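> give me a 3D structure for the following:
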Amino acid sequence: MMAVKANPNSLSLSSTHYYSSFPVHRISLKSFPFLPDFQCRNLVWACSKKPISGSLNLDPSFSNSGSGSSQKMDSMNDGVEVSSSPSNAIDFLTLCHSLKTTKRKGWVNHAIKGPESIADHMYRMSLMALIAGDLPGVNRERCIKMAIVHDIAEAIVGDITPSDGVPKAEKSRLEQAALTEMCKVLGGGMRAEEIKELWQEYENNASLEANLVKDFDKVEMILQALEYESEHGKVLDEFFFSTAGKFQTETGKSWAAEIHSRRNSRLGK
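Below is the predicted model of the structure:
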């Protein structure tokens, strides 16, 4: 995956966020030091119908295409929230395209050929939430939505892993800033707020649903590791070691135990 590199110059902690000191509607590409160049330009292309070289149009009102494309999603019409315009929706979905093409960096680092993308990972997590048995106090539909959006900010920042040397708090800040910009691309409003709320709930591990989806994140990773071990004849111990003892729910624990059991059988343990 194209991920943030451990560059102390571009990733140093600062009291000023990357976005806070810049004009809302025009932000230079230089304002995004944590983005690989191709992702900067992809964001510019996705967010502006008539991109200005070296700048990013973040305000939907600047878009000149599509009926009503200048209307912000949070405007109200007779008490009913106006839907995101077709222009906003397609811009947002185009930005999310990189989730389909950016490869998960852990597998890239282990020289896995044809590794899964970020979207692949989130999709199977969503299936996990769909097929999981009902649990007391857990909203399964919310889990599905949370699985879909939990890594969505990686459309901009890429897959930041521990090997990049980025402090956890800084990683969260970068992703929060990216998510905020993505929601502006969507046009704000109810759906954007839902995405932000789901992402923050997951990030803070703040609910039973977040507990379960975090477990699915780990389960999906070790299941993928087992599959890559079988397909490529590798030993990927670190993925199993890094998740050991960290599952929070009975579902997560039992599914992880099943994966470990199958791995042990394959390895003849």
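> and the spatially closest residue to T161 that is not a sequence neighbour, how many neighbours does it have?
Setting aside the residues directly before and after it, T161 is nearest to K105 in space (CB to CB, 6 or more residues apart in numbering), at 4.9 Å. For glycine as for every other residue, the C-beta is placed from the backbone atoms N, C-alpha and C. For K105, the neighbour count with other CB atoms under 10 Å is 21.
> K105 contacts S163, doesn't it?
Yes - the criterion here is CB atoms under 8 Å, and K105 meets it with S163 at 7.4 Å.
> what residues are shared contacts of the two?
With contacts defined as CB atoms under 8 Å, 6 or more residues apart in numbering, no residue is shared by K105 and S163.
> next one: phi and psi at S117?
Backbone dihedrals for S117, given as degrees, to the nearest 10, come out at phi -90, psi 170.
> could you do the one 10 residues further on as well?
Dihedral angles of L127 (phi, psi; degrees, to the nearest 10) stand at phi -60, psi -40.
> check S98 too.
Geometry field for S98 lists phi and psi as phi -60, psi -20, criterion degrees, to the nearest 10.
> burial check on it, number of neighbours?
Summarising burial for S98: neighbours were counted as other CB under 10 Å, giving 22.
> now do Q200
Applying the criterion other CB under 10 Å, we find 14 residues in the vicinity of Q200.
> got a list of what it touches?
176, 206.
> so it, which of the three states?
In three-state terms, and counting by DSSP: H, G, I helix; E, B strand; the rest coil, Q200 is helix.
> separation between it and L236?
Q200 sits 31 Å away from L236 when distances are taken as CB to CB, to the nearest Å.
> kindly report the same for L267.
From L267 over to L236 the distance is 11 Å, taken as CB to CB.
> who has more neighbours, these two?
When L267 is set against L236 and neighbours are counted by other CB under 10 Å, the residue ahead is L236, at 21 against 9.
> list phi and psi for K103.
phi -80, psi 140.
> for it, give me its contacts.
For K103, the set of contacting residues under the criterion of CB under 8 Å, 6+ apart consists of 1, 115-118, 159.
> mind giving me a markdown table with those residues and columns for secondary structure and distance to G137?
As requested, these are exported to a markdown table (DSSP: H, G, I helix; E, B strand; the rest coil; distance: CB to CB, whole Å):
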| residue | secondary structure | distance to G137 |
| --- | --- | --- |
| M1 | coil | 35 |
| P115 | coil | 36 |
| E116 | coil | 31 |
| S117 | strand | 33 |
| I118 | helix | 29 |
| D159 | coil | 32 |
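> by neighbours, which of the residues you listed wins?
Sorting the contacts of K103 by how many neighbours each has (other CB under 10 Å) puts I118 first, at 23 neighbours.
> could you find the closest non-adjacent residue to that residue?
In space, I118 comes closest to L99 once its chain neighbours are excluded; the distance is 4.6 Å by CB to CB, 6+ apart.
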